[in-house]
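Engineer: got a predicted structure here, sequence first:
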Amino acid sequence: MIKESIKTATRLDGIGEYYFSTKLKEIDVLNKAGKNIINLGIGSPDLPPHPDVIEELNKQSQRPDVHAYQNYKGSPILRQAISNWYAQWYNVELDPVSEILPLMGSKEGIMHICMTYLDKDDIVLIPNPGYPTYSSAVRLAGGQVAAYTLDESKNWAPDFAELDSIVLSANHPVKMLFVSYPHMPTGASSDRDIFEKLVRFAIKHDILIIHDNPYSFILNDSPMSMLEIHGAKEVVIELNSLSKSHNMAGWRVGMICAAEQRINEIIRFKSNMDSGMFLPVQLAAAKALELGKDWFDQLNEVYKERREKVYELLALLKCTFHTDQNGMFVWAKCPIDCKDGFQLSDDVLYNANVFITPGGIFGSAGCNFVRVSLCSTNEKLDEAIKRIKTADLW
């Protein structure tokens with residue numbers, strides 16, 4: 001008998017289970033009922049890492065000396081590989097000893113950063129639409145969320161007048177600003193002018209920018225880091241990841257790149273939460289970071305083919321979309337006769353046995369949109385198109 005008198009912590013008030021966690025349960029029930037749902041919702045790469053990376057993991061795992069606890073700051077080999085990667089692709093110089101902190105996935109880094117810097121009621125600027133984990137992590141750390149609106153008419157760029165207004169009218173300190181370009185979920189590209197304005201804004205208001213940068217190599221010919229901007233290290237912490245760029249989502253390899261002081265501050269929290277990443281995974285990740293342009297070209301050719309099929313699928317749904325998006329999704333506006341993305345998502349799920357993500361889970365500014373993942377084979381996308389063509393949706 002469960003004792004009802006034992007309650008969850010108040011920090012969980014208003015924090016629901018992650019949307020995709022609950023939706024996957026529903027899809028599992030539908031599949032058990034024989035529906036065979038095609039899931040086009042989640043951006044989990046279905047392609048494997050490079051064979052050399054898997055070979056490196058196998059080789060290193062057989063060593064007798066790699067199974068102990070690891071350095072809290074990560075392997076020097078991995079930190080050097082990250083430093084080299086940033087220099088090669090972003091033209092950013094990072095000290096591998098003091099300015100890089102490997103993570104077990106960048107998602108945990110979001111939580112580490114919030115727990116490191118937020119006191120009760122500190123305010124954090126969160127993009128709307130944006131990655132839902134930003135808001136959840138802020139609230140779990142005791143902070144307050146202040147949403148700033150991204151609008152299609154401005155190509156999903158921040159409105160700096162709105163940001164200034166939020167900061168100047170706040171009744172508690174505005175401590176941090178979350179931003180992500182290429183943007184998830186809209187696919188808006190990185191822009192040097194926006195990055196420069198963001199850095200100036202943060203310096204002006206003494207705010208810490210958290211730039212989440214996992215999509216810069218997917219369908220994007222010009223990867224950018226916010227740390228390229230002059231003065232950025234004063235105010236920017238950048239999160240990056242091998243999940244999307246190297247098909248290693250389940251390996252959980254990410255990184256924080258920032259000034260030495262920031263790394264030292266964050267490790268005060270992180271070192272109390274884990275005992276380091278499995279060394280063979282770190283060494284295989286270092287091997288992945290050595291891959292050249294051929295790897296990204298090959299990966300993006302696959303996504304380009306899939307994207308054309310997603311365009312066809314969205315056209316069948318009478319959605320409109322831009323064709324210059326970056327990342328592994330296509331963000332599309334619902335037809336005018338559709339209530340919102342939740343309705344369209346449910347209609348497609350229950351009538352065509354295809355799941356697409358309602359844009360409203362990313363914030364109110366995404367309610368009239370849907371998002372379709374490119375992480376499915378051409379065959380599955382063809383089948384999804386076939387089902388939508390024959391479904392009674394209208």
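Structural biologist: Arrived safely. Numbering: from 1, shown residues only.

Engineer: touching, Trp85 and Leu291? I think so.
Structural biologist: No - counting by CB atoms under 8 Å, Trp85 stays clear of Leu291, with 9.5 Å between them. No exception for glycine: its C-beta is placed from N, CA and C like everyone else's.

Engineer: of the two, who's got more company?
Structural biologist: Higher neighbour count among Trp85 and Leu291: Trp85, with 21 against 18, using other CB atoms under 10 Å.

Engineer: residue contacts, the residue nearest to the more buried one when sequence neighbours are not counted?
Structural biologist: Closest residue to Trp85 apart from its sequence neighbours, by CB to CB, 6 or more residues apart in numbering: Leu289 at 4.4 Å. Going by CB atoms under 8 Å, 6 or more residues apart in numbering, Leu289 touches Ala81, Ile82, Asn84, Trp85, Leu242, His246.

Engineer: and the pLDDT at Leu289?
Structural biologist: You'll see Leu289 listed with a pLDDT of 98.

Engineer: could you do Gly16 as well?
Structural biologist: Per the predicted model, pLDDT is 69 at Gly16.

Engineer: check Ile2 too.
Structural biologist: So, for Ile2, pLDDT stands at 64.

Engineer: repeat for Lys339
Structural biologist: 92.

Engineer: let's verify Val145: helix, strand, or coil?
Structural biologist: strand (DSSP: H, G, I helix; E, B strand; the rest coil).

Engineer: what residue ranges in this protein are flagged as low confidence?
Structural biologist: Counting by pLDDT under 70, the ranges of the chain that qualify are 1-4, 16-18, 394.

Engineer: what about 90?
Structural biologist: Within the chain, the segments meeting pLDDT under 90 span 1-31, 33-34, 42-44, 69, 71-72, 105, 221, 274-275, 336-337, 391-394.

Engineer: for the helix or strand hosting Leu349, packing partners?
Structural biologist: Assigned by DSSP states H and E, Leu349 belongs to helix 341-352. Counting contacts by 3 or more CB pairs under 8 Å, 6 or more residues apart in numbering; DSSP states H and E, helix 341-352 is packed against strand 354-355, strand 357-358, strand 369-373, helix 378-390.

Engineer: tell me which residues of that helix come out buried.
Structural biologist: Gly341, Phe342, Leu344, Ser345, Asp347, Val348, Leu349, Ala352 (16 or more other CB atoms under 10 Å).

Engineer: same check, this time on stretch 76-92
Structural biologist: Under 16+ other CB under 10 Å, the buried positions of stretch 76-92 are Leu78, Arg79, Gln80, Ala81, Ile82, Ser83, Trp85, Tyr86, Trp89, Tyr90, Val92.

Engineer: ok, so of the buried residues of helix 341-352, who is nearest Asp191?
Structural biologist: Lowest distance from Asp191 to the buried residues of helix 341-352 (CB to CB) belongs to Gly341, with 25.6 Å.

Engineer: find the nearest non-adjacent residue to that closest one, please.
Structural biologist: Using CB to CB, 6+ apart, the closest residue to Gly341 is Pro358 (3.7 Å).

Engineer: with Met104 instead?
Structural biologist: Arg252 (4.5 Å).

Engineer: quick check: the one you found vs Ser75, distance?
Structural biologist: 15 Å (CB to CB, to the nearest Å).

Engineer: Pro132 too?
Structural biologist: In terms of CB to CB, Pro132 sits 31 Å off from Ser75.

Engineer: ok, those two, which is more surrounded?
Structural biologist: More crowded of Pro132 and Ser75, by other CB under 10 Å: Ser75, with 21 against 17.

Engineer: so that one is in contact with Val281, correct?
Structural biologist: No - at 9.6 Å, Ser75 does not count as touching Val281 under the criterion of CB under 8 Å.

Engineer: so what does the helix or strand harbouring Asp294 touch, helix or strand wise?
Structural biologist: Assigned by DSSP H and E, Asp294 belongs to helix 293-316. If you count contacts as 3+ CB pairs under 8 Å, 6+ apart, helix 293-316 packs onto strand 329-333, strand 369-373, helix 378-390.
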